[in-house]
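Enquirer: only geometry, no sequence info:
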């Protein structure tokens, strides 16, 4: 059923709540996959997630598990019949993040705003699902309480929270989607450290960053050219439409996490030596362990609040359309514009190594 568009309820309809997204927070990521077993193995054996159990909502012809690492919660689902909507969706888009689940005090008010904005909404007033493209590619379920806080992580690096989620969108749609996040979810545009455009006319991308007061953050990217051959357009071609390209998982000690993850077999995008030469010149007044950064392949940038450390895995899905960012904020609140450029170049180089520009299973 669709929640009725009778206007937001009084508990969430004040201008301050609507304009700032004060009570919107990220709950969990839901991935729809073709092979649940192999994806579960990657997340548990390599990335250190723990199996909590099965989510409460599950259809008879699907398999589903709930995984947790620290403050990061992931649901995996696989359709077990050709008629199952998950199987059909994966058949069209490949393994994909089908839902970025949110929590807030009044889901019905969010649903009412979504209906008024023209978005597709279904579910119940207390647990609506909002589809910004009406094709299942950019979706948010909204509920009152988190799915599950989970047990303590097993031995090894523990994740903090999901720092942000990055979407690839068709050219000309980023402003429309940004408007939906502002008017429906109450997010505000953030200063993205001058990363509005990265790359050249042929391969470049444009970005918009939005954030709620509780930290739910989205990065929207679109190609800068209608004839783009860059990574954003290649994602759109391989994924058959918009979707989540990456999710950033926070760490308090990224150095120890990367040491552990590399020893577990996780592969990261390579960083050219020239990056560190340039970064060392740019941050020459900042005390940074440069040799350790080089050895581990960790990027570093700074803003007026502190340092940002991050690195990026190779794609972890069969179509090469989804990867994970690992991030540590040592005071920094921005997105490391210099690192975004380095990532752009690394992903572009990886894609250019294949005839159709999409990373293959052997790159995972």
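Expert: It's in. The structure displayed is predicted, hence computed values, not measured ones. Numbers count the residues shown, from 1 in each chain.
Enquirer: C-alpha only now, for contacts and for neighbours.
Expert: Noted.
Enquirer: and stretch 259-275, end to end?
Expert: Using C-alpha to C-alpha, to the nearest Å, the end-to-end distance of stretch 259-275 comes to 20 Å.
Enquirer: ignore the last one, stretch 208-217
Expert: Distance across stretch 208-217, first residue to last, is 11 Å (C-alpha to C-alpha).
Enquirer: which parts of this protein are helices?
Expert: Per DSSP state H, the chain carries helices over the ranges 15-20, 36-41, 85-93, 107-117, 174-183, 231-239, 254-263, 273-282, 290-296, 337-352.
Enquirer: and the second one, how far out from the chain middle?
Expert: Once both centres are worked out by C-alpha atoms, centre = their mean, to the nearest Å, helix 36-41 turns out to sit 19 Å from its chain's centre.
Enquirer: re earlier: among the helices of the chain, which is nearest residue 308?
Expert: Judged by C-alpha to C-alpha, the one of the helices of the chain that comes nearest to residue 308 is helix 337-352, at 9.3 Å.
Enquirer: which one of the helices of the chain has the lowest average pLDDT?
Expert: Across those, helix 15-20 has the smallest mean pLDDT, namely a mean of 38.
Enquirer: okay, the helices of the chain in CSV with distance to residue 68 and mean neighbour count next?
Expert: Below are the helices of the chain laid out as CSV (distance: least, C-alpha to C-alpha, whole Å; neighbours: other C-alpha atoms under 10 Å):
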stretch, distance to residue 68, mean neighbour count
helix 15-20, 29, 16
helix 36-41, 11, 16
helix 85-93, 22, 18
helix 107-117, 24, 24
helix 174-183, 27, 18
helix 231-239, 26, 23
helix 254-263, 16, 17
helix 273-282, 34, 13
helix 290-296, 25, 14
helix 337-352, 27, 18
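Enquirer: turn those into CSV, including distance to residue 320.
Expert: Shown next, in CSV, are those (distance: least, C-alpha to C-alpha, whole Å):
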stretch, distance to residue 320
helix 15-20, 35
helix 36-41, 14
helix 85-93, 11
helix 107-117, 31
helix 174-183, 22
helix 231-239, 8
helix 254-263, 20
helix 273-282, 24
helix 290-296, 23
helix 337-352, 9
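Enquirer: between these, which one is closest to residue 245.
Expert: Between residue 245 and the helices of the chain, the shortest separation by C-alpha to C-alpha is 7.6 Å, and it involves helix 231-239.
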